[in-house]
Every structure is written in structure tokens, then in C-alpha cells.
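Enquirer: sequence-free structure coming up:
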Ligand code: MTE
């Protein structure tokens, strides 16, 4: 199904995952110890689990240790690598789900720099090699809920975005963080379309960006990110709809005022700034109460209920205390 600007993100037309792909690609190792960080943060110890997610050996390995952040890993069955890397939204490479896997080979991920600027005491431009070494890599298995009504469970590799933020020292004026992603017509055929305003930009409130669950991801399944998943680095914000997680980041700007994001500009009545996963707030054109897990049955299989904040309410609910989440959706 083609996407049109007036319609925004769409429900997929068909799901074509054969049951043979429900591979049990992983072994679970339950961690006995609770990370020190989690105790300090008071996070729920729901899943101190670690997936030894064996990559398929297609890309360079990215070593990672078990995450010490409480609640950072779910024990749910992983979505097969093949689904994670062939059923994508990355409109810079086309709007069909299989377009990014087909087209993103033109993305050049070296050299790569990320400019960090705005309301910070130490603005800087970091190259990808520096970013890869900035903090120890962790594996975190997060649920990902797309606004279109499907979800996946993905073993990401990265570290908390807060590690980078602390290094640049935001000033007292920094209230929001904007994420700007690559927009290069020479590498990205999708930019010829006006489906969105380019570059694709997203933003978080500073406290959301600083939350330990907010991940700067460099890999998945123990290997570097495939281009179609946002190489060489992307954001992953597991309690928000997938579109908040910008791919192929080139700039991070700290600002005082809330800025419009690409999806708010395209369809403000459909996509709000917060975009927290919320089964009680429907998309104007469909319900958000349930979801289809990619890799588990077809289009007509029973859907699973969507959880408030995508199941991360114990960790992030406090961020929204006192807010009317129907109005600020
Ligand atoms: N980032 C960029 N630059 N361009 C995009 O089109 N799509 C978003 C988000 N990040 C998008 C993006 C949407 S709608 C989703 S659901 C997730 O990426 C999909 O990530 P995945 O393909 O790795 O599952």
C-alpha cells in the first residue's frame, strides 16, 4: 500500500510472514543480580533478562553486555531478524515496507558525524568512531509499537542517550531536544517524494531524552545496524510510537521551546508531540487498543492488547504525572 501525505502512516495491506520464521533464535539467561543503576533509579525489576541474540552473521559484530537499567529488557519472544530488517518504515528510501531493505544500500555510513549544538555548554561534533566508544554497549530487548498497529520485539545494542547528553552539559535553558536525521538526495531516493518535509525531524522533552530507557542504538541482534534500520545510529524510545525514534541521526539540538516534528507538520490532528503508546487514545482513523505482533501469525490472527506506555509505565509513568494524555497525545 502506498502512503499519501493526507493519510499519513497507514495500516499495512498484508502480512506475509511464514510460520517457519518464528525461529527460536535466542536463549535466555536470567540475570541473578540487579544492576546498581536500577536500584538507584527505583525502576521496576520486571525483567533483568538478557537475550543472547545471535546475529545472522551478515554484518560486523557489536559486542555488548547485559543492560544494568531496570526494566530495560523484556522476556517476550524476539521478532525474527528477517522481519526486523525487511519490514521497515524509513521513508527516505520509499514508503512501502520492503522499500528500505531494497533501497538503503545507497546509504553511506562512513565517514559519519553527529553535531550536538544549541543550549549546551560544550557543543561538539562527534564522529561515529568516538560515539561507538563513548559508553559501554548494552543489549536491551525492547518492544516496539508502531502507530500503524503492529509491534516487534527487538534486541538493540547501544547505550542510554543520557550518556551523550551529560557530556555536552545542557544549560538551564535546554527544555527540549531535537533530533535531525540525514537528508541527502544523492543517497536517499525517497526524498524526491513530498510525503514528509525533509529532513525527518523528531523531538523529546529533555527529561524524556535523559530517561535511562531512551537508547542511542548502534546495532541489533549483536551486529551493527543494517542501513534500513537507521545505520549508523538511531534513537529508540520504547514507550512511544515508533516514529519518535529517528533513524540515521546527524544532529542533536537542545532548545528552549517545543518544536514541530515532521509528523506533526504532515498531519497535526493525527500525530501529536508526545505520541506515547496509549490504548485509550485512538488514532483518528483507527483504534490503538490492540496490536499485531510481526512474525506471529497473519493479518487475521488474534491481536494482542496494547499496553499503556507500551508496557513501560512503571518506568516512565512519572514523567507524565498530572498531564491530560488525551489532550497531549
Ligand atoms: N526515521 C527516519 N529518518 N525516517 C523514517 O521514515 N520512520 C519511523 C522511525 N524512524 C522513520 C524514522 C517509523 S514510522 C518507525 S515505526 C520506525 O522508525 C521504524 O523503525 P524500524 O524500521 O527499524 O522498525
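Expert: Now that the structure is in, tell me what you want to look at. Here the structure is a predicted model, which is why all the values come from computation and not from measurement.
Enquirer: going forward, measure contacts between C-alpha atoms and count neighbours the same way
Expert: Noted.
Enquirer: any idea where the strands of the stretch 201-329 of the chain begin and end?
Expert: 201-205, 215-220, 223-224, 234-236, 249-255, 290-293, 304-305 (DSSP state E, counting those that start in this stretch).
Enquirer: TSV please, covering the ones you listed and showing mean pLDDT.
Expert: What follows is those, written out as TSV (pLDDT from 0 to 100):
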stretch	mean pLDDT
strand 201-205	98
strand 215-220	98
strand 223-224	98
strand 234-236	98
strand 249-255	99
strand 290-293	96
strand 304-305	96
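Enquirer: Present the ones you listed as CSV; the columns should include mean neighbour count and distance to residue 269.
Expert: Shown next, in CSV, are the strands of the stretch 201-329 of the chain (neighbours: other C-alpha atoms under 10 Å; distance: least, C-alpha to C-alpha, whole Å):
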stretch, mean neighbour count, distance to residue 269
strand 201-205, 24, 17
strand 215-220, 27, 28
strand 223-224, 23, 36
strand 234-236, 24, 24
strand 249-255, 22, 24
strand 290-293, 21, 21
strand 304-305, 13, 24
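Enquirer: Adding distance to the ligand, write these out as TSV.
Expert: Shown next, in TSV, are these (distance: least, C-alpha to the nearest ligand atom, whole Å):
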stretch	distance to the ligand
strand 201-205	7
strand 215-220	9
strand 223-224	13
strand 234-236	8
strand 249-255	7
strand 290-293	12
strand 304-305	18
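Enquirer: So which residues make contact with stretch 274-283?
Expert: 145, 204, 239-241, 244, 270, 287-290, 305-310, 326, 328-329 (C-alpha atoms under 8 Å, 6 or more residues apart in numbering).
Enquirer: hmm, try it at 7 Å
Expert: Identification of contacts with stretch 274-283 by C-alpha atoms under 7 Å, 6 or more residues apart in numbering yields 239-241, 270, 288-289, 306-310, 326, 328-329.
Enquirer: farthest-separated two in those residues?
Expert: The span of those, defined through C-alpha to C-alpha, is set by 270 and 307 at 19.6 Å.
Enquirer: Show me which residues of the stretch 151-300 of the chain sit near the ligand.
Expert: 181, 200, 229, 242-243, 245-247 (C-alpha under 6 Å from any ligand atom).
Enquirer: Validate this expectation: residue 190 resides in a strand.
Expert: No: assignment of residue 190 by DSSP: H, G, I helix; E, B strand; the rest coil gives helix, placing it outside any strand.
Enquirer: Surely it is in contact with residue 94?
Expert: Yes: applying C-alpha atoms under 7 Å, one finds residue 190 in contact with residue 94, separated by 4.8 Å.
Enquirer: Select from the contacts of stretch 274-283 the one having the most neighbours.
Expert: residue 239 (27 neighbours; other C-alpha atoms under 10 Å).
Enquirer: separation between that residue and residue 204?
Expert: To residue 204, residue 239 is 12 Å away according to C-alpha to C-alpha, to the nearest Å.
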